[in-house]
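> with the input below, show me the fold.
(chains A, B, C and D)
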Number of protein chains: 2
Amino acid sequence: MKDNNDMPGHLARRFQQIAVAVFLAEVGDAGFDLTPVQYAALATIKANPGLDQVTLAGLIAYDRTTITGVIDRLVQKGLAERRASSRDRRARELEITDEGRRTLRKITPVVESAQRIMLRGLNAREGEELMRLLRKAIAAGNELSRAPLRDVQA
Amino acid sequence: MKDNNDMPGHLARRFQQIAVAVFLAEVGDAGFDLTPVQYAALATIKANPGLDQVTLAGLIAYDRTTITGVIDRLVQKGLAERRASSRDRRARELEITDEGRRTLRKITPVVESAQRIMLRGLNAREGEELMRLLRKAIAAGNELSRAPLRDVQA
DNA sequence: TACTGATAGTCAGCATACTGAGCAATATCG
DNA sequence: CGATATTGCTCAGTATGCTGACTATCAGTA
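Sure, this is the predicted structure:
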């Protein structure tokens, strides 16, 4: 009988579970109410002003049906805006607000600190190696999930 | 601006996303309707007949509030039974059914095959190293999530 | 231009996961 | 023994994530 600790699937879930808990604890302690998904979306909107929801989803590998709710909550918190696109009436253009910019600026060092805490059991070399192997495994499996990572095309 | 690919948290989410998708695809193709959580719970019940829900949760690092619903669905599918404990009237004793045993027997090779697919971008040595590093990071962060792994005490 | 297919977004439904609260039962200790 | 704390489980509420379906719009083409 194979042990859970020999199952990459189990280890993946467990590591992610800890990563989310660390993120929420650090961000919450700093006085913010933002989930990992919301942070990733907000940072990506800031880096790509005016992008539409499908492009955003592709850049951070979320399902487009999940993005709808995430944007709803960012808008409701006053951190982002969703407006109709002039070029394509189906699409929504996303913008970060000043409040969103302020939040992002204050929260980014906290998020980076959280990343270090997730790896606190590993030394620097091991942390790098873990990320390298994860990147490699993810690249090979990218198309296997419904929400693969998509580059922006020029 | 730190790239997503330098964030262990992002990589963790992405790898887990792929792992779940692979699991569901393989299990579904084999004709079964069982989620990763349900599989882990069922296998653990079989290995520890009569255990209660809190012990089960600790063995596979789930929150006890999540386990309630998971067991509901296993019972509803006829794969497990939940009965009142005689020793402690608060607790429920969990048992696998014959149907659950049959399902588990047929599904286990499929699950193991899914584990290999998740790592298909890595060679054997890299796969082992990834699992070693994940185990190490998880051990150091075990207490940081609300649902830490708990060994059974004698 | 009319038809066909693809695309952007939303929605309903289901299954994790979590927080926090509550109830019932058990354990502990003065 | 009785008050208190703890434990096992459930529930309400919220937020991912997914499948599948639907509407509106756009793009390509006969």
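> now the helices: where do they sit in chain A?
Applying DSSP state H to chain A gives helices spanning A:8-29, A:36-47, A:53-60, A:64-76, A:98-118, A:124-141.
> average pLDDT across the third one?
Confidence for helix A:53-60, expressed as mean pLDDT, is 96.
> near DNA strand C at all, it?
Yes - against DNA strand C, helix A:53-60 shows contacts by CB under 7 Å from any atom of the strand at A:53-55. No exception for glycine: its C-beta is placed from N, CA and C like everyone else's.
> tell me how far residue A:117 lies from chain B.
Counting by CB to the nearest CB, to the nearest Å, the gap from residue A:117 to chain B is 8 Å.
> contacting residues around that residue?
Contacts for residue A:117 (CB atoms under 8 Å, 6 or more residues apart in numbering or on different chains) come out as A:22, A:26, B:141, B:144.
> nearest spatial neighbour of the third one, skipping sequence neighbours?
When the adjacent residues along the chain are set aside, residue B:141 lies closest to residue A:18, with 4.0 Å between them (CB to CB, 6 or more residues apart in numbering or on different chains).
> run a quick neighbour tally on that neighbour.
By other CB atoms under 10 Å in any protein chain shown, the residues close to residue A:18 number 26.
> just for chain A, where's the confidence low?
Applying pLDDT under 70 to chain A picks out residues A:1, A:152-154.
> tell me, what residue is most central in it?
The residue lying closest to the centre of chain A (CA atoms, centre = their mean) is residue A:40, at 3.4 Å.
> if I pick it, what's in contact with it?
Residues counted as contacts of residue A:40 (CB under 8 Å, 6+ apart) are A:60, B:4, B:10.
> who wins for most neighbours among those?
Ranked by neighbour count (other CB under 10 Å), the contacts of residue A:40 have residue B:10 at the top, with 23 neighbours.
> what sits against that residue?
Each residue near residue B:10 by CB under 8 Å, 6+ apart is listed here: A:40, A:60, B:4.
> the second one and residue A:69, how far apart?
This points to residue A:60. Between residue A:60 and residue A:69 the computed distance is 14 Å (CB to CB, to the nearest Å).
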